[in-house]
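Chemist: Below: sequence and its predicted model.
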Amino acid sequence: EAGVAQSPRYKIIEKRQSVAFWCNPISGHATLYWYQQILGQGPKLLIQFQNNGVVDDSQLPKDRFSAERLKGVDSTLKIQPAKLEDSAVYLCASSTIRTGGSYEQYFGPGTRLTVT
Amino acid sequence: GNSVTQMEGPVTLSEEAFLTINCTYTATGYPSLFWYVQYPGEGLQLLLKATKADDKGSNKGFEATYRKETTSFHLEKGSVQVSDSAVYFCALSPGRGGKLIFGQGTELSVKP
């Protein structure tokens, strides 16, 4: 099966500009996650969707970050306006509940954002 | 709250050496525990997992045992190879199907 797709792979913008990232999860995966990974740190969850509804956005800086998953499939994460501290890799992951109740998150390759 | 602490890297070993990467956690309830690996230039991949106390996860020669009494999930491998060079992340999930909380990662470099 095809993996989680993300685009673009790299983006360089100036502070105060806006940027958008796109994610297409594995087909049939109802749950979609966006994580932020700052250099030298582990990924941190920004937002979790179940189908097209938000399950957890407690760590999303809502004054500048927004995300949507309108049809319960692909998703867009937007930053407006960007700050220097937003420089990071933005990871998208998806998961589904397997037979027996286990699950696994599959990660995309990430988008590396540099804010100058 | 929930958190994960890993030993700091980088860890440098010679080929065929024994590997241990320490991971301890703080969590309410009964989390699931995971080790993810990130090879150079690639995305995060699940290496192994354990969903309840005393479970042992294993894959590709790596093992980790869920120790509730010591709140630990240390990663071990008996004989590392150059191809094991990567960054390893310990993570927990507080609930089924829920978010992952990651440690800071440990970089492993294996020299021939």
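Modeler: The structure has been received and is ready for your questions.

Chemist: How about the backbone phi and psi for residue A:84?
Modeler: phi -60, psi -40 (degrees, to the nearest 10).

Chemist: same thing with the one 10 residues further on?
Modeler: When read as degrees, to the nearest 10, the backbone of residue A:94 gives phi -140, psi 160.

Chemist: same deal with residue B:107?
Modeler: According to degrees, to the nearest 10, residue B:107 has phi -80, psi 130.

Chemist: Tell me the pLDDT of the residue nearest the centre of chain B.
Modeler: Centroid-nearest residue in chain B: residue B:35, 3.5 Å away (criterion: CA atoms, centre = their mean). You'll see residue B:35 listed with a pLDDT of 97.

Chemist: In this structure residue A:24 contacts residue A:5, no?
Modeler: Yes: counting by CB atoms under 8 Å, residue A:24 touches residue A:5, with 4.3 Å between them. Quick note: C-beta positions are derived from backbone N, CA and C, even for glycine.

Chemist: Now do the contacts for the closest residue to chain A within chain B.
Modeler: Closest residue of chain B to chain A, CB to the nearest CB: residue B:102 (3.0 Å). Applying CB atoms under 8 Å, 6 or more residues apart in numbering or on different chains, we find residue B:102 in contact with A:42-44, B:4, B:36, B:89-91.

Chemist: Double-check that the residue nearest to the centre of chain B belongs to a helix.
Modeler: No: counting by DSSP: H, G, I helix; E, B strand; the rest coil, residue B:35 falls outside a helix, being strand.

Chemist: Across the sheet, point out what pairs with it.
Modeler: residue B:48, residue B:90 (DSSP bridges).

Chemist: ok, now which ones touch it?
Modeler: Residue B:35 neighbours (CB under 8 Å, 6+ apart): B:23, B:46-49, B:57, B:62, B:64, B:73, B:75, B:88-91.

Chemist: returning to what we had before: between residue A:24 and residue A:5, which is the more surrounded one?
Modeler: residue A:24 (18 against 14; other CB atoms under 10 Å in any protein chain shown).

Chemist: From chain B, how far off is the more buried one?
Modeler: 14 Å (CB to the nearest CB, to the nearest Å).

Chemist: wait, what's in contact with that residue?
Modeler: A:4-6, A:73-74.

Chemist: coming back round to it: out of the contacts of residue B:35, the closest to residue A:14 would be?
Modeler: If you rank the contacts of residue B:35 by distance to residue A:14 using CB to CB, residue B:89 comes first, at 31.1 Å.

Chemist: Quick one: neighbours of that closest one, just the number.
Modeler: Residue B:89: 26 surrounding residues under other CB under 10 Å.

Chemist: If we ignore the residues flanking it in sequence, what's nearest it?
Modeler: Here the nearest residue to residue B:89 in space, its sequence neighbours aside, is residue B:36; by CB to CB, 6 or more residues apart in numbering or on different chains that works out to 4.4 Å.

Chemist: With residue B:10 instead?
Modeler: Nearest to residue B:10 is residue B:107, by CB to CB, 6+ apart, at 4.1 Å.

Chemist: quick one: low-confidence ranges for chain A?
Modeler: Counting by pLDDT under 70, chain A shows low-confidence ranges at A:1, A:98-102.

Chemist: any idea which residue sits dead centre in it?
Modeler: For chain A, by CA atoms, centre = their mean, the most central residue is residue A:34; offset 2.6 Å.

Chemist: ok, what's across the strand from residue A:54?
Modeler: With DSSP bridges as the rule, residue A:54 is bridged to residue A:49.
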